[in-house]
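Participant: Provided below for reference: sequence and predicted model.
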Amino acid sequence: MSNPFCAAFLLALEAQKVIELRLVRIAWGGAEAQAEMVSMVGEKVVAAMEAANTLMTGGSHDDVITRYRDLVAANVRRLTA
């Protein structure tokens, strides 16, 4: 996507869907809720480390946003399956 603002805006919208789906899963409780909470924290740590590595090795902010959008899309697919 050529417009970085547009890509960041889309990421924000897409992330809201993941938040909604995760909150529903957590609200249901049980083992799936526990697993989702653990997964959520782990994913955030790994994604932040990956983003830092991308930037430190010469990648752009657009590269980071594109990767985050891929991760968000994967979470939407997993949570709606």
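Facilitator: Nice, thanks for sending it over.
Participant: now name the helix or strand holding the residue nearest the centre of the chain.
Facilitator: Centroid-nearest residue in the chain, with Cα atoms, centre = their mean: Val72, separated by 3.7 Å. Element membership for Val72 (DSSP states H and E) is helix 61-80.
Participant: state the mean pLDDT of that helix.
Facilitator: When pLDDT is averaged over helix 61-80, the result is 96.
Participant: quick one: buried residues of the host helix or strand of Val41?
Facilitator: Val41 belongs to helix 30-56 when assigned by DSSP H and E. Residues Glu36, Ala51, Thr54 are the ones in helix 30-56 that count as buried (16 or more other Cβ atoms under 10 Å). Using the backbone N, CA and C atoms, a C-beta is placed for each residue, glycine as well.
Participant: just the angle between that helix and helix 61-80, please?
Facilitator: Here helix 30-56 runs at an angle of 170 degrees relative to helix 61-80 (axes from the mean of the first three to the mean of the last three Cα atoms, to 10 degrees).
Participant: you'd agree the residue nearest to the centre of the chain is up against Leu11?
Facilitator: Yes - using Cβ atoms under 8 Å, Val72 is in contact with Leu11, at 6.7 Å.
Participant: may I have stretch 54-70 exported as CSV, CA atoms only?
Facilitator: The C-alpha trace of stretch 54-70 is given here as CSV (Å, rounded to 0.1, in the frame of the first residue of the first chain):
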residue,chain,number,x,y,z
THR,A,54,13.0,-5.1,11.4
LEU,A,55,13.7,-1.4,12.2
MET,A,56,17.2,-2.1,13.6
THR,A,57,18.2,-4.0,10.4
GLY,A,58,17.1,-1.2,8.1
GLY,A,59,13.4,-2.1,7.5
SER,A,60,10.8,0.6,7.3
HIS,A,61,7.8,1.4,9.4
ASP,A,62,5.7,0.3,6.4
ASP,A,63,7.4,-3.2,6.7
VAL,A,64,6.4,-3.3,10.3
ILE,A,65,2.8,-2.3,9.6
THR,A,66,2.5,-4.8,6.8
ARG,A,67,3.8,-7.6,9.1
TYR,A,68,1.4,-6.6,11.9
ARG,A,69,-1.5,-6.6,9.4
ASP,A,70,-0.5,-10.1,8.4
